[in-house]
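1. with the sequence up front, the predicted model follows.
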Amino acid sequence: MEQSRKSKKVSAASTAEHKVTTKDSKTVNILPKEQNEQKLQKKRKLNTENTNEDVKSNKASKKSLSNSSKPKASAVVSYSETWDKIKPSLSMEILGAVDKLGFQKTTPVQFATIPQLLKEKDVVVEAVTGSGKTLAFVIPVLEIIKKRTKKNNNKNPKAIIISPTRELAQQIYNVFLQLIELCQYNFTVHLAIGGSQNEVETVEQTAKLKSEGATILVGTPGRLEDITCGRLIGNTAKKSASKTKKWQSSTGRRTTPVIVCRELEVLIMDEADRLLDMGFEKQIGMILSMLPKQRRTGLFSATMSEAVSQLVRTGLRNPSKIVVKVESSVSSGIEQKTPSSIFKPSQEILETKQPDYIIPGSSLKDVYIASLHGQMDPKRRKMTYDQFIGLPANTTGLLICTDVASRGLDIPDVDCVIQWDPPTDSKVFPHRCGRTARAGRDGSALVFLCPDREETYVEFMSIRKIPMVPAKYLDSKLKPYMVNGQNKTNPSQYPEVDKESDDLIELARKITSRDRDIYEKGLIAFVSFVRSYQKHEANYIFSPKHLDLHKTAYGYCLLHLPRMPELVTVKTPTFIKYDIDLGKIPYTDKKREQQRQIKAKNQAKIKLLSGDGDSKDKGKKMAKQALESWSQHIERKEKRQARKEKRDKKRDAIQKANEKDLVSALIYDNNENKDKSIDQVISEKLLEEKQKAGATSLLGVVKSNAKKQKI
Ligand SMILES: Nc1ncnc2c1ncn2[C@@H]1O[C@H](COP(=O)(O)OP(=O)(O)OP(=O)(O)O)[C@@H](O)[C@H]1O
């Protein structure tokens with residue numbers, strides 16, 4: 001189907017030989033001195049072979065869907081050492097935990113980074129995807145906290161981890177929980193991500209964090225800023241600009257910080273360049289301003305940018321730079337990976353399971369399909385992601401996603417990453433590919449490119465040390481392309497017009513003409529594709545001027561062309577309009593279709609009633625209300641009432657949390673009720689005060705207490 005727009009598939013090798021280099025102000029010696037280069041290479045080769053065998057056997061038992069390719073080498077095995085070789089030595093608890101996790105050896109990035117952080121050094125770590133960066137900071141963070149924190153002093157945060165996305169923050173949080181449990185430490189971890197709970201829950205969680213504290217905070221920049229600096233309220237730029245309080249930004253007034261960070265020992269910024277790309281510079285600046293200068297800071301990512309260098313200069317002290325890189329090895333022959341070898345379900349799956357989901361024209365059967373993108377409701381987004389990563393080993397999963405899933409996520413056993421279009425920012429490319437072939441496993445990555453102009457992208461990426469090779473041409477049944485029984489493998493033998501592909505598109509258009517939902521989604525997909533194409537940084541390769549928009553629209557199975565300025569100037573129109581009355585395409589969902597019909601009728605009436613006068617909008621509104629049915633009228637009222645109740649509930653929760661804070665400050669300050677819960681103390685206090693002064697509300701009690709204290 002993709003042949004109409006993209007006729008070439010290119011696969012990018014995400015595993016090759018890895019190189020560990022350390023540079024900058026401090027040189028980090030990550031190898032025993034006596035090892036010479038020759039010995040080292042021998043060892044690397046040996047390690048690689050062993051691990052490939054292990055991975056192969058594990059995978060065979062775990063997942064029956066696999067492709068035949070093997071990694072050439074792995075970042076996990078070269079330069080790896082046993083955990084006891086790390087100096088300063090790790091604690092017995094951590095050694096026991098990594099052993100229980102089954103990690104016999106460190107990865108290169110772990111072997112290089114952990115000692116630096118333990119030796120009180122700041123680090124900037126640039127290491128390939130899937131090389132184990134998370135443990136490279138989680139382990140030293142736990143070791144430092146354990147060493148530096150006095151018993152039962154875990155209330156004020158000792159470490160903050162900033163991540164660009166909620167999913168990544170959740171993943172890091174889980175790794176911390178797992179290790180803390182294995183080590184049996186009494187540290188607490190708080191996950192600070194925005195939008196995951198409803199507002200009442202957020203208020204309650206904040207109140208809990210305020211009263212109980214947390215040893216480690218893991219979260220996204222906005223939420224962490226709210227917690228450490230206080231939430232911004234209003235927009236009093238001029239008023240607050242003159243104020244000198246540190247936590248007041250120039251753009252507004254802030255509430256009191258939820259937590260004080262003066263005992264912080266370590267700050268980690270994961271996917272540092274992405275944090276800056278996403279525009280979190282201001283939030284990071286605010287968080288940094290609240291942290292003690294005497295701390296260790298670590299920046300981690302698979303790619304670094306100039307903006308990160310700026311951050312390094314301002315936020316880190318004399319850092320060690322640790323680089324774990326992949327060496328280009330196009331000449332060594334990268335194995336070609338094609339969709340047929342990736343998606344062909346094993347005989348075992350076909351025999352043991354009944355197909356319940358079939359994609360026309362492919363051999364995808366019994367596949368769990370999910371989608372993930374930034375516009376999703378946060379709750380649904382979390383649920384989808386959790387379900388996908390929790391899929392049983394014998395289920396094949398297909399995640400259709402945007403770049404929200406391109407970084408850091410460690411989804412188990414991803415066989416292949418397919419990029420429908422290269423990312424607008426080429427730096428994102430290795431991150432996307434890096435969701436597969438992680439930690440010594442095998443996998444492949446495919447990107448679709450249009451012939452000629454877009455193929456320059458291969459050269460463009462090879463300069464950035466990312467090798468690609470063309471994939472085989474496949475027919476609509478995902479079989480290698482054949483003419484007269486002969487397999488055609490040379491690109492020059494590929495067809496100009498692909499009949500099978502056109503037939504498939506016609507079939508998809510027929511389906512679209514019967515389902516309004518697909519029809520509407522197709523239009524949206526096409527428009528957003530064109531818009532994003534215009535944003536490619538390498539616009540001399542991805543030139544909107546040279547993109548055949550008509551063919552692209554056809555490839556998206558559109559029935560007609562949308563009204564877009566880009567389409568007006570097309571010189572050689574090739575799009576064939578589908579012969580159908582577009583207004584008659586129904587929704588397959590009966591209720592939705594009924595509503596659409598009513599709406600269409602009403603709109604026609606409104607048009608008649610409102611006329612063309614000056615007060616057109618007012619007339620429209622009145623006409624709309626006049627046409628409203630009794631049930632619609634009730635529904636509108638109910639919605640308004642529900643909104644009011646939600647507002648009231650939120651206000652009550654905030655008031656309750658504030659009252660609790662005030663009371664706990666008053667009560668716990670004089671050490672009287674240390675062993676009782678806040679609720680118990682509050683109700684006792686309330687009763688006592690009510691009897692004494694006849695105060696009617698809790699706030700009344702708090703206020704009168706505050707007054708008394710002042711006197
Ligand atoms: N020492 C080790 N031995 C074997 N596997 C490991 C080791 N350390 C980590 N792993 C595993 O490697 C996988 C990748 O680790 P991690 O997610 O930390 O990679 P990453 O470098 O952060 O990747 P990305 O850049 O994509 O975020 C995880 O499944 C993790 O459990």
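-> Yes, it's here.
2. now the helices: where do they sit in the stretch 551-700 of the chain?
-> Using DSSP state H, counting those that start in this stretch, the helices found in the stretch 551-700 of the chain span residues 565-568, 590-610, 616-627, 630-669, 678-693, 698-710.
3. now the angle from the longest one to helix 590-610?
-> Taking axes from the mean of the first three to the mean of the last three Cα atoms, to 10 degrees, one finds helix 630-669 and helix 590-610 inclined to each other by 110 degrees.
4. rank the helices of the stretch 551-700 of the chain by pLDDT, which is bottom?
-> Out of the helices of the stretch 551-700 of the chain, helix 698-710 stands lowest, with a mean of 61 (criterion: mean pLDDT).
5. so which bits of stretch 425-436 are buried?
-> By neighbour count on 16 or more other Cβ atoms under 10 Å, the buried set for stretch 425-436 is 425, 426, 427, 428, 429, 430, 431, 432, 433, 434, 435, 436. Heads up, the C-betas are built off the backbone N, CA and C, glycines and all.
6. for residue 222, see how far away the fourth one is.
-> When Cβ to Cβ, to the nearest Å is the yardstick, residue 428 and residue 222 sit 21 Å from each other.
7. same check on the fifth one?
-> Per Cβ to Cβ, residue 429 is found 27 Å from residue 222.
8. among the buried residues of stretch 425-436, which are within reach of the ligand?
-> By Cβ under 6 Å from any ligand atom, the members of the buried residues of stretch 425-436 lying near the ligand are residue 434.
9. considering the buried residues of stretch 425-436, which is situated nearest to the ligand?
-> residue 434 (4.6 Å; Cβ to the nearest ligand atom).
10. who are the contact partners of that closest one?
-> 14, 128, 129, 130, 302 (Cβ atoms under 8 Å, 6 or more residues apart in numbering).
11. can you select the buried ones from the residues you listed in ChimeraX?
-> Those of these that count as buried under 16+ other Cβ under 10 Å are selected in ChimeraX with:
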select :14,128,129,130,302
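12. max pairwise distance over the contacts of residue 434: which two?
-> 14 and 302 (10.8 Å; Cβ to Cβ).
13. overlap in contacts, those two.
-> By the contact definition Cβ under 8 Å, 6+ apart, residue 14 and residue 302 are jointly contacted by 129, 430, 434.
14. show me what from the protein comes close to the ligand.
-> 76, 103, 105-107, 110, 127, 129-135, 302, 408, 410, 434, 438-439.
15. which members of those residues occur in helices, if any?
-> Among the residues of the chain next to the ligand, DSSP state H puts 110, 133, 134, 135 in helices.
16. show me the shaky parts of the stretch 201-350 of the chain.
-> For the stretch 201-350 of the chain, applying pLDDT under 70 flags the ranges 234-252, 326-350.
17. where exactly do the strands run in it?
-> Ranges of strands in the stretch 201-350 of the chain, per DSSP state E, counting those that start in this stretch, are 216-219, 232-233, 253-254, 266-270, 296-301, 320-326.
18. could you dump those into TSV with distance to residue 153 and mean neighbour count added?
-> Formatted as TSV, the strands of the stretch 201-350 of the chain follow (distance: least, Cβ to Cβ, whole Å; neighbours: other Cβ atoms under 10 Å):
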stretch	distance to residue 153	mean neighbour count
strand 216-219	13	28
strand 232-233	30	14
strand 253-254	27	19
strand 266-270	16	27
strand 296-301	18	26
strand 320-326	29	23
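19. residue 120 and residue 295 touch, don't they?
-> No - counting by Cβ atoms under 8 Å, residue 120 does not reach residue 295; the two are 9.8 Å apart.
20. those two: who's more crowded?
-> More crowded of residue 120 and residue 295, by other Cβ atoms under 10 Å: residue 295, with 21 against 12.
21. who's in contact with the more buried one?
-> Residue 295 neighbours (Cβ under 8 Å, 6+ apart): 264, 265, 266, 267.
22. please redo it, this time with the cut-off set to 6 Å
-> 264, 265, 267 (Cβ atoms under 6 Å, 6 or more residues apart in numbering).
23. any low-confidence regions in the stretch 51-200 of the chain?
-> Low-confidence segments of the stretch 51-200 of the chain (pLDDT under 70): 51-79, 151-152, 154, 195-199.
24. in it, which spans are strands?
-> Going by DSSP E, counting those that start in this stretch, the stretch 51-200 of the chain shows strands at 123-127, 159-162, 189-192.
25. JSON lines for the ones you listed, including mean neighbour count and distance to residue 388?
-> Shown next, in JSON lines, are the strands of the stretch 51-200 of the chain (neighbours: other Cβ atoms under 10 Å; distance: least, Cβ to Cβ, whole Å):
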{"stretch": "strand 123-127", "mean neighbour count": "25", "distance to residue 388": "25"}
{"stretch": "strand 159-162", "mean neighbour count": "27", "distance to residue 388": "23"}
{"stretch": "strand 189-192", "mean neighbour count": "23", "distance to residue 388": "19"}
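26. ok, which of these comes nearest residue 574?
-> The nearest among those, by Cβ to Cβ, is strand 123-127 at 45.4 Å.
27. quick one: strands adjacent to the closest one?
-> For strand 123-127, the paired strands and their directions (DSSP bridges) are strand 296-301 (parallel), strand 320-326 (parallel).
28. among these, which is nearest residue 555?
-> Nearest to residue 555, of the strands paired with strand 123-127 and by Cβ to Cβ, is strand 320-326 at 32.9 Å.
29. want to throw the strands of the stretch 201-350 of the chain into CSV with distance to residue 595?
-> Output for the strands of the stretch 201-350 of the chain, formatted as CSV (distance: least, Cβ to Cβ, whole Å):
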stretch, distance to residue 595
strand 216-219, 40
strand 232-233, 40
strand 253-254, 45
strand 266-270, 45
strand 296-301, 48
strand 320-326, 54
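30. quick check, nearest of the ones in helices among the residues of the chain next to the ligand to residue 99?
-> residue 135 (13.1 Å).
31. contacting residues around the closest one?
-> Per Cβ under 6 Å, 6+ apart, neighbours of residue 135: residue 110.
32. and it, how far is that from residue 396?
-> Between residue 135 and residue 396 the computed distance is 28 Å (Cβ to Cβ).
33. how about whichever residue of the stretch 251-400 of the chain sits closest to the ligand, what does it touch?
-> Using Cβ to the nearest ligand atom, residue 302 is the residue of the stretch 251-400 of the chain that sits closest to the ligand, at 4.2 Å. Residues near residue 302 by Cβ under 6 Å, 6+ apart: 128, 129, 431.
34. could I get the contacting residues of the last one?
-> Same thing as residue 431. Contacts of residue 431 (Cβ under 6 Å, 6+ apart): 302, 406, 407.
35. any idea which helix or strand carries it?
-> Following DSSP states H and E, one finds residue 431 within helix 428-433.
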